[in-house]
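A.B. asks: Need coordinates for the following:
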Amino acid sequence: MQRTTRIAALLLTASLLLTATAAVAQSDATDRAIDKECHRIGHKLGSVSVRQCLRAQFRDSGGRSVTGQPILEKIIPSRSQPARGRILLIGGTHGDEYSAVSIVFRWLKMFHRYHADQFEWHVVPLLNPDGLLLHRPSVRMNEHGVDLNRNMPTPDWQQRTRAYWKRHHFDPRRYPGTAPLSEPETRWLYNEMRTFKPHAIVSIHAPYGVLDFDGPPRGPRHVGRLHLHLIGTYPGSLGNSAGVQHQIPVITVELPYAGIMPSHRETRRMWRDLNRWLDTHVPKPETLEAHARFDAITEQLMPHPPIKTIGITP
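C.D. replies: All right, here's what the predicted structure looks like:
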């Protein structure tokens with residue numbers, strides 16, 4: 001009996017050691033993946049250093065690009081309890097919009113100014129790592145050639161995205177893909193919306209030099225020198241999917257230049273104005289009501305196939 005007990009104890013110890021060893025190996029692999037992506041970002045963008053990226057302490061979100069590159073994310077908890085709300089900040093949806101990635105790093109350096117720490121933030125500096133990092137020059141689309149900002153679920157997706165693409169003479173830079181959420185990057189983003197349930201989304205683009213807004217009325221009138229100019233909703237866009245369908249305010253910051261950063265002073269003004277609006281306008285009651293119906297809205301947008309078959313964790 002004692003011998004049986006000792007053998008069981010030895011087997012349990014060996015099992016625990018194997019589990020711990022596997023966990024350490026997995027952690028090391030994750031650290032290497034983050035380190036590798038930070039080196040790629042630092043060597044690609046003149047305004048972001050490798051050291052700055054590493055010091056930001058991003059985590060592996062679990063999301064992957066077409067080629068398996070990690071989608072980095074930084075989770076910043078609120079300093080106030082309870083948090084005033086939850087904000088999702090997204091840069092680099094289009095790989096050739098360099099400033100839309102770089103400004104996220106600048107804002108992280110001044111994060112605690114202007115009451116930003118009253119909210120819980122999920123910060124994604126680069127949603128489309130393949131588009132930015134695997135091409136010279138970088139490209140708008142992901143590695144499947146899909147415009148990620150036309151691949152989100154919206155009503156009558158197949159018909160409307162094809163009609164929109166046809167009107168743009170089948171421009172390959174605006175190819176919507178074969179189906180809503182056909183891409184691993186957009187599947188991850190949609191699941192992030194579903195699980196995090198942000199009260200607002202800030203999406204950075206370039207180079208229109210305006211401020212766009214989709215969602216429950218009304219958005220900010222200006223962010224720094226960028227003034228509100230509604231571009232319109234497009235089939236498959238994040239603004240349409242999150243803002244119109246799921247009633248999550250989507251603030252789209254269209255920087256004036258894709259390859260030139262705003263001045264440090266203007267960057268601070270933008271961060272101040274953005275957080276002042278968030279401080280007084282979220283959460284909106286329409287957003288809270290729609291959060292409770294997220295899956296039902298998804299079923300209306302994507303009746304075939306159901307959620308569980310498109311790579312979204314139930």
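
A.B. asks: Could you list the low-pLDDT ranges of the protein?
C.D. replies: Filtered on pLDDT under 70, the chain yields the residue ranges 1-5, 7-28, 304-314.

A.B. asks: What segments of it are strands?
C.D. replies: In the chain, the strands defined using DSSP state E lie at 59-64, 70-76, 86-90, 120-124, 200-205, 210-214, 222-223, 226-227, 250-254.

A.B. asks: So what are the sheet partners of the third one and their directions?
C.D. replies: Each strand pairing with strand 86-90, determined using DSSP bridges, is listed with its direction: strand 120-124 (parallel), strand 200-205 (parallel).

A.B. asks: export the ones you listed to JSON lines and tack on mean neighbour count and distance to residue 191?
C.D. replies: Where you see a C-beta, it was placed from the backbone N, CA and C, and this is true even at glycine. Compiled in JSON lines, the strands paired with strand 86-90 are given as follows (neighbours: other CB atoms under 10 Å; distance: least, CB to CB, whole Å):
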{"stretch": "strand 120-124", "mean neighbour count": "21", "distance to residue 191": "12"}
{"stretch": "strand 200-205", "mean neighbour count": "25", "distance to residue 191": "14"}
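
A.B. asks: Which one of those lies nearest to residue 303?
C.D. replies: Closest to residue 303 of the strands paired with strand 86-90, according to CB to CB: strand 200-205, at 24.5 Å.

A.B. asks: can you give me how far the closest one is from the chain middle?
C.D. replies: 8 Å (CA atoms, centre = their mean, to the nearest Å).

A.B. asks: Ok, stretch 79-91 next?
C.D. replies: From the chain centre to the centre of stretch 79-91 is a distance of 14 Å (CA atoms, centre = their mean).

A.B. asks: what comes up buried for that stretch?
C.D. replies: Neighbour counts over stretch 79-91 (16 or more other CB atoms under 10 Å) mark 83-91 as buried.
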